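K.L.:
my questions concern the predicted model and sequence given below.
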Amino acid sequence: MTEQIQVRHFQAAFGKKIILKDLSFSLPNDQLTVVLGENGAGKTTLIRAILQAALTKKGDAAIQVNAQKIAYVPQFRDLGADYPLSIQAFVSLGIRDHGLPWLSKKEKKAVQDALQRVDLTELADLPLAKASGGQKQRAYIAQALAKQPDLLILDEPTSALDSQHTRALVQQIRQVQQDWQIGVLWISHDTTWVRKSADNFLWLHDQTASLGVAKDLPVEAESKHQEEVKHVF
Ligand SMILES: Nc1ncnc2c1ncn2[C@@H]1O[C@H](COP(=O)(O)OP(=O)(O)OP(=O)(O)O)[C@@H](O)[C@H]1O
(Lines give C-alpha, C1' and ligand atoms only; values in the text may rest on other atoms or scores of the structure.)
Protein backbone atom coordinates (compact mmCIF):
# COMPACT_ATOMS: atom_id res chain seq x y z
CA MET A 1 0.00 0.00 0.00
CA THR A 2 1.49 3.31 -1.08
CA GLU A 3 0.12 6.80 -1.00
CA GLN A 4 -1.76 7.76 -4.14
CA ILE A 5 -3.03 11.19 -3.17
CA GLN A 6 -1.22 13.53 -0.83
CA VAL A 7 -2.75 16.81 0.20
CA ARG A 8 -0.70 19.21 2.30
CA HIS A 9 -2.10 22.48 3.58
CA PHE A 10 -4.52 22.84 0.68
CA GLN A 11 -6.77 25.87 0.64
CA ALA A 12 -9.62 26.82 -1.69
CA ALA A 13 -11.42 30.13 -1.85
CA PHE A 14 -13.68 31.95 -4.25
CA GLY A 15 -12.95 35.64 -3.85
CA LYS A 16 -13.01 36.28 -0.12
CA LYS A 17 -15.10 33.20 0.58
CA ILE A 18 -12.91 30.45 2.00
CA ILE A 19 -14.28 27.00 1.12
CA LEU A 20 -11.52 24.74 2.43
CA LYS A 21 -8.77 25.74 4.82
CA ASP A 22 -5.46 24.06 5.54
CA LEU A 23 -6.51 20.57 4.41
CA SER A 24 -3.98 17.80 4.90
CA PHE A 25 -4.52 14.09 4.34
CA SER A 26 -3.22 11.21 2.28
CA LEU A 27 -5.01 8.32 0.63
CA PRO A 28 -3.61 4.93 -0.36
CA ASN A 29 -3.60 3.51 -3.89
CA ASP A 30 -5.73 0.45 -3.17
CA GLN A 31 -8.71 1.61 -1.13
CA LEU A 32 -12.20 2.95 -1.62
CA THR A 33 -12.72 6.34 0.02
CA VAL A 34 -16.08 8.06 0.18
CA VAL A 35 -16.07 11.86 0.14
CA LEU A 36 -18.95 13.16 2.24
CA GLY A 37 -20.27 16.54 3.21
CA GLU A 38 -23.32 18.73 2.98
CA ASN A 39 -24.16 20.74 -0.12
CA GLY A 40 -21.53 23.40 -0.61
CA ALA A 41 -19.00 21.74 1.72
CA GLY A 42 -16.41 21.75 -1.07
CA LYS A 43 -16.46 18.17 -2.37
CA THR A 44 -16.46 19.10 -6.05
CA THR A 45 -13.92 21.87 -5.41
CA LEU A 46 -11.53 19.37 -3.85
CA ILE A 47 -12.02 16.74 -6.56
CA ARG A 48 -11.48 19.36 -9.25
CA ALA A 49 -8.21 20.41 -7.62
CA ILE A 50 -7.08 16.77 -7.38
CA LEU A 51 -7.91 16.19 -11.07
CA GLN A 52 -6.14 19.37 -12.09
CA ALA A 53 -3.05 18.41 -10.13
CA ALA A 54 -3.05 14.95 -11.69
CA LEU A 55 -3.86 15.78 -15.28
CA THR A 56 -2.05 19.04 -15.90
CA LYS A 57 0.84 18.39 -13.54
CA LYS A 58 0.67 22.10 -12.81
CA GLY A 59 -2.18 22.07 -10.41
CA ASP A 60 -1.96 23.14 -6.82
CA ALA A 61 1.47 22.32 -5.40
CA ALA A 62 -0.28 21.30 -2.20
CA ILE A 63 -1.65 18.25 -4.02
CA GLN A 64 0.41 15.33 -5.30
CA VAL A 65 -1.20 12.48 -7.23
CA ASN A 66 0.68 9.31 -7.93
CA ALA A 67 -1.44 7.52 -10.54
CA GLN A 68 -0.72 6.37 -14.11
CA LYS A 69 -4.28 6.35 -15.41
CA ILE A 70 -7.13 8.34 -13.95
CA ALA A 71 -10.77 7.97 -14.88
CA TYR A 72 -13.37 10.48 -13.79
CA VAL A 73 -17.14 10.12 -14.00
CA PRO A 74 -18.83 13.49 -13.46
CA GLN A 75 -22.30 13.97 -12.02
CA PHE A 76 -25.09 12.52 -14.14
CA ARG A 77 -25.58 14.24 -17.45
CA ASP A 78 -27.97 13.32 -20.22
CA LEU A 79 -26.33 13.31 -23.63
CA GLY A 80 -29.69 13.88 -25.30
CA ALA A 81 -32.17 11.97 -27.47
CA ASP A 82 -30.09 12.49 -30.63
CA TYR A 83 -26.93 10.86 -29.29
CA PRO A 84 -26.08 8.40 -32.05
CA LEU A 85 -23.86 5.74 -30.46
CA SER A 86 -24.73 2.36 -28.96
CA ILE A 87 -23.73 1.68 -25.37
CA GLN A 88 -20.81 -0.44 -26.57
CA ALA A 89 -19.52 2.21 -29.00
CA PHE A 90 -19.83 4.83 -26.27
CA VAL A 91 -17.84 2.67 -23.85
CA SER A 92 -15.19 2.09 -26.55
CA LEU A 93 -14.66 5.84 -26.81
CA GLY A 94 -13.18 5.66 -23.33
CA ILE A 95 -10.04 3.98 -24.64
CA ARG A 96 -9.73 5.01 -28.25
CA ASP A 97 -7.02 7.48 -27.47
CA HIS A 98 -4.28 6.32 -29.80
CA GLY A 99 -5.77 8.01 -32.85
CA LEU A 100 -6.65 4.80 -34.72
CA PRO A 101 -10.29 4.18 -35.71
CA TRP A 102 -10.29 0.59 -34.46
CA LEU A 103 -9.60 -1.21 -31.22
CA SER A 104 -6.90 -3.78 -30.58
CA LYS A 105 -7.88 -7.23 -29.28
CA LYS A 106 -6.81 -6.19 -25.81
CA GLU A 107 -8.88 -3.02 -25.96
CA LYS A 108 -11.95 -4.93 -27.19
CA LYS A 109 -11.54 -7.25 -24.23
CA ALA A 110 -11.31 -4.27 -21.87
CA VAL A 111 -14.60 -2.93 -23.30
CA GLN A 112 -16.34 -6.31 -22.88
CA ASP A 113 -15.00 -6.61 -19.34
CA ALA A 114 -16.17 -3.10 -18.46
CA LEU A 115 -19.67 -3.79 -19.84
CA GLN A 116 -19.89 -7.05 -17.96
CA ARG A 117 -18.76 -5.49 -14.68
CA VAL A 118 -21.73 -3.13 -14.65
CA ASP A 119 -24.14 -5.69 -16.07
CA LEU A 120 -24.57 -4.09 -19.49
CA THR A 121 -23.40 -6.95 -21.73
CA GLU A 122 -26.90 -7.73 -22.90
CA LEU A 123 -27.63 -4.09 -23.63
CA ALA A 124 -24.38 -3.45 -25.50
CA ASP A 125 -26.12 -2.73 -28.82
CA LEU A 126 -28.86 -0.54 -27.38
CA PRO A 127 -28.55 3.10 -28.48
CA LEU A 128 -27.37 5.03 -25.43
CA ALA A 129 -30.14 7.57 -26.02
CA LYS A 130 -32.75 4.83 -25.46
CA ALA A 131 -31.25 3.61 -22.19
CA SER A 132 -32.86 4.38 -18.83
CA GLY A 133 -31.23 6.87 -16.46
CA GLY A 134 -29.66 4.08 -14.42
CA GLN A 135 -28.40 2.27 -17.52
CA LYS A 136 -26.86 5.49 -18.83
CA GLN A 137 -25.15 6.03 -15.51
CA ARG A 138 -23.68 2.51 -15.69
CA ALA A 139 -22.56 3.15 -19.28
CA TYR A 140 -20.65 6.24 -18.11
CA ILE A 141 -19.00 4.14 -15.44
CA ALA A 142 -18.21 1.36 -17.94
CA GLN A 143 -16.57 3.95 -20.19
CA ALA A 144 -14.33 4.92 -17.27
CA LEU A 145 -13.61 1.27 -16.38
CA ALA A 146 -12.63 0.45 -19.96
CA LYS A 147 -9.56 2.62 -19.41
CA GLN A 148 -8.55 0.25 -16.62
CA PRO A 149 -7.57 3.16 -14.38
CA ASP A 150 -5.55 2.93 -11.23
CA LEU A 151 -7.49 5.87 -9.80
CA LEU A 152 -11.24 6.07 -10.36
CA ILE A 153 -13.10 9.20 -9.30
CA LEU A 154 -16.90 9.10 -9.18
CA ASP A 155 -19.03 12.16 -8.53
CA GLU A 156 -22.36 11.03 -7.07
CA PRO A 157 -22.87 8.04 -9.37
CA THR A 158 -25.95 6.88 -7.46
CA SER A 159 -27.88 10.15 -7.53
CA ALA A 160 -30.25 8.84 -10.25
CA LEU A 161 -30.63 5.36 -8.71
CA ASP A 162 -33.12 3.81 -6.30
CA SER A 163 -31.82 1.95 -3.26
CA GLN A 164 -31.77 -1.46 -4.94
CA HIS A 165 -29.72 -0.19 -7.90
CA THR A 166 -27.50 1.81 -5.55
CA ARG A 167 -26.66 -1.37 -3.65
CA ALA A 168 -25.92 -3.20 -6.90
CA LEU A 169 -23.62 -0.43 -8.14
CA VAL A 170 -21.78 -0.26 -4.83
CA GLN A 171 -21.13 -4.01 -5.04
CA GLN A 172 -19.97 -3.78 -8.66
CA ILE A 173 -17.55 -0.92 -8.00
CA ARG A 174 -16.28 -2.55 -4.82
CA GLN A 175 -15.59 -5.72 -6.79
CA VAL A 176 -13.62 -3.85 -9.46
CA GLN A 177 -11.71 -1.94 -6.81
CA GLN A 178 -10.72 -5.13 -5.02
CA ASP A 179 -9.98 -7.16 -8.16
CA TRP A 180 -7.74 -4.45 -9.60
CA GLN A 181 -6.49 -3.13 -6.27
CA ILE A 182 -7.07 0.45 -7.34
CA GLY A 183 -7.88 3.68 -5.56
CA VAL A 184 -11.48 4.86 -5.74
CA LEU A 185 -12.66 8.30 -4.64
CA TRP A 186 -16.45 8.33 -4.49
CA ILE A 187 -18.44 11.50 -3.75
CA SER A 188 -21.73 10.47 -2.19
CA HIS A 189 -24.68 12.02 -0.43
CA ASP A 190 -26.05 8.59 0.35
CA THR A 191 -24.17 7.32 3.40
CA THR A 192 -26.27 4.19 4.02
CA TRP A 193 -23.71 1.84 2.49
CA VAL A 194 -20.50 3.53 3.60
CA ARG A 195 -19.78 1.67 6.86
CA LYS A 196 -20.23 -1.72 5.25
CA SER A 197 -18.74 -1.29 1.80
CA ALA A 198 -16.05 1.42 1.87
CA ASP A 199 -12.57 1.52 3.40
CA ASN A 200 -12.39 5.18 4.42
CA PHE A 201 -14.50 8.28 4.68
CA LEU A 202 -13.29 11.79 4.00
CA TRP A 203 -15.83 14.09 5.61
CA LEU A 204 -15.70 17.73 4.58
CA HIS A 205 -17.20 20.09 7.12
CA ASP A 206 -16.49 23.51 8.62
CA GLN A 207 -13.89 24.24 5.91
CA THR A 208 -11.85 21.23 6.93
CA ALA A 209 -11.72 17.44 6.39
CA SER A 210 -11.82 14.46 8.73
CA LEU A 211 -10.42 11.20 7.39
CA GLY A 212 -11.28 7.93 9.09
CA VAL A 213 -12.04 4.25 8.72
CA ALA A 214 -15.45 3.82 7.08
CA LYS A 215 -16.86 1.46 9.69
CA ASP A 216 -16.31 4.20 12.28
CA LEU A 217 -18.21 6.85 10.30
CA PRO A 218 -19.51 9.35 12.89
CA VAL A 219 -23.27 9.80 13.10
CA GLU A 220 -22.83 13.55 12.46
CA ALA A 221 -21.32 12.72 9.06
CA GLU A 222 -24.33 10.68 7.96
CA SER A 223 -26.44 12.13 5.21
CA LYS A 224 -29.33 14.27 6.37
CA HIS A 225 -30.96 13.59 3.02
CA GLN A 226 -33.33 10.85 4.23
CA GLU A 227 -34.48 12.98 7.19
CA GLU A 228 -35.14 15.85 4.80
CA VAL A 229 -37.22 13.58 2.56
CA LYS A 230 -39.24 12.40 5.60
CA HIS A 231 -39.97 16.03 6.52
CA VAL A 232 -41.17 16.85 3.04
CA PHE A 233 -43.67 13.99 3.00
N1 LIG B 1 -16.80 29.09 -9.55
C2 LIG B 1 -17.26 29.43 -8.36
N3 LIG B 1 -17.36 30.72 -7.98
C4 LIG B 1 -17.81 31.07 -6.76
N5 LIG B 1 -18.19 30.18 -5.82
C6 LIG B 1 -18.13 28.90 -6.13
C7 LIG B 1 -17.66 28.43 -7.41
N8 LIG B 1 -17.70 27.08 -7.43
C9 LIG B 1 -18.17 26.71 -6.22
N10 LIG B 1 -18.42 27.78 -5.44
C11 LIG B 1 -18.91 27.75 -4.07
O12 LIG B 1 -18.01 26.95 -3.31
C13 LIG B 1 -18.72 26.18 -2.35
C14 LIG B 1 -18.37 24.73 -2.51
O15 LIG B 1 -18.89 24.25 -3.73
P16 LIG B 1 -18.74 22.72 -4.17
O17 LIG B 1 -19.45 22.60 -5.48
O18 LIG B 1 -17.33 22.34 -4.11
O19 LIG B 1 -19.55 22.00 -3.01
P20 LIG B 1 -20.07 20.50 -2.95
O21 LIG B 1 -19.70 19.98 -1.61
O22 LIG B 1 -19.57 19.75 -4.13
O23 LIG B 1 -21.65 20.73 -3.03
P24 LIG B 1 -22.82 19.80 -3.63
O25 LIG B 1 -23.00 18.68 -2.70
O26 LIG B 1 -23.98 20.73 -3.64
O27 LIG B 1 -22.41 19.38 -5.03
C28 LIG B 1 -20.20 26.51 -2.56
O29 LIG B 1 -20.57 27.50 -1.61
C30 LIG B 1 -20.25 27.08 -3.95
O31 LIG B 1 -21.29 27.99 -4.06
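P.N.:
Everything's here; your move.
K.L.:
give the contact list for Ile173.
P.N.:
Ile173 makes contacts with Leu32, Ile141, Leu152, Leu154, Pro157, Val184, Trp186, as judged by C-beta atoms under 8 Å, 6 or more residues apart in numbering. (Each C-beta comes from the backbone N, C-alpha and C, glycine too.)
K.L.:
Lys196: which of those is nearest?
P.N.:
Leu32 (11.5 Å; C-beta to C-beta).
K.L.:
now that closest one: how far from Ala13?
P.N.:
29 Å (C-beta to C-beta, to the nearest Å).
K.L.:
who has more neighbours out of these two?
P.N.:
Leu32 (24 against 12; other C-beta atoms under 10 Å).
K.L.:
give me the secondary structure label for Ile153.
P.N.:
strand (DSSP: H, G, I helix; E, B strand; the rest coil).
K.L.:
do you know how far the residue most central in space within the chain is from Leu51?
P.N.:
Closest to where the C-alpha atoms of the chain average out (C-alpha atoms, centre = their mean) is Leu154, at 1.0 Å. Separation of Leu154 from Leu51 (C-beta to C-beta): 12 Å.
K.L.:
select the longest helix from the chain.
P.N.:
helix 163-180 (DSSP state H).
K.L.:
flag every buried residue along it.
P.N.:
For helix 163-180, a neighbour-count test (16 or more other C-beta atoms under 10 Å) marks His165, Thr166, Arg167, Ala168, Leu169, Val170, Gln172, Ile173, Arg174, Val176, Gln177 as buried.
K.L.:
now render the residues you listed as TSV, adding distance to the ligand.
P.N.:
Putting the buried residues of helix 163-180 into TSV (distance: C-beta to the nearest ligand atom, whole Å) gives the following:
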residue	distance to the ligand
His165	20
Thr166	17
Arg167	21
Ala168	23
Leu169	19
Val170	19
Gln172	23
Ile173	19
Arg174	22
Val176	24
Gln177	22
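K.L.:
break this protein down into its structural domains.
P.N.:
1-69+150-165+178-233, 80-148 (automatic domain parsing).
K.L.:
so which bits of the protein are right by the ligand?
P.N.:
Phe14, Ile19, Gly37, Asn39, Gly40, Ala41, Gly42, Lys43, Thr44, Thr45 (C-beta under 6 Å from any ligand atom).
K.L.:
these: which two are farthest apart?
P.N.:
Phe14 and Gly37 (16.4 Å).
K.L.:
Phe201 is in contact with Ser188, isn't it?
P.N.:
No. Between Phe201 and Ser188 there is no contact under C-beta atoms under 8 Å: 9.5 Å.
K.L.:
which neighbours do those two have in common?
P.N.:
With C-beta under 8 Å, 6+ apart as the test, Phe201 and Ser188 both reach Val34, Val35, Leu36, Val194.
K.L.:
keep only those of these that are in helices.
P.N.:
Short answer: those in helices (DSSP H) are Val194.
K.L.:
the closest residue to Tyr140 other than its chain neighbours bridge partners, please.
P.N.:
Nearest non-adjacent residue to Tyr140, counting by C-beta to C-beta, 6 or more residues apart in numbering: Val73, 5.2 Å away. Taking DSSP bridges as the rule, Val73 bridges to Leu154.
K.L.:
in the chain, which spans are strands?
P.N.:
Applying DSSP state E to the chain gives strands spanning 3-14, 17-28, 32-36, 63-65, 70-73, 151-155, 183-187, 200-205, 208-213.
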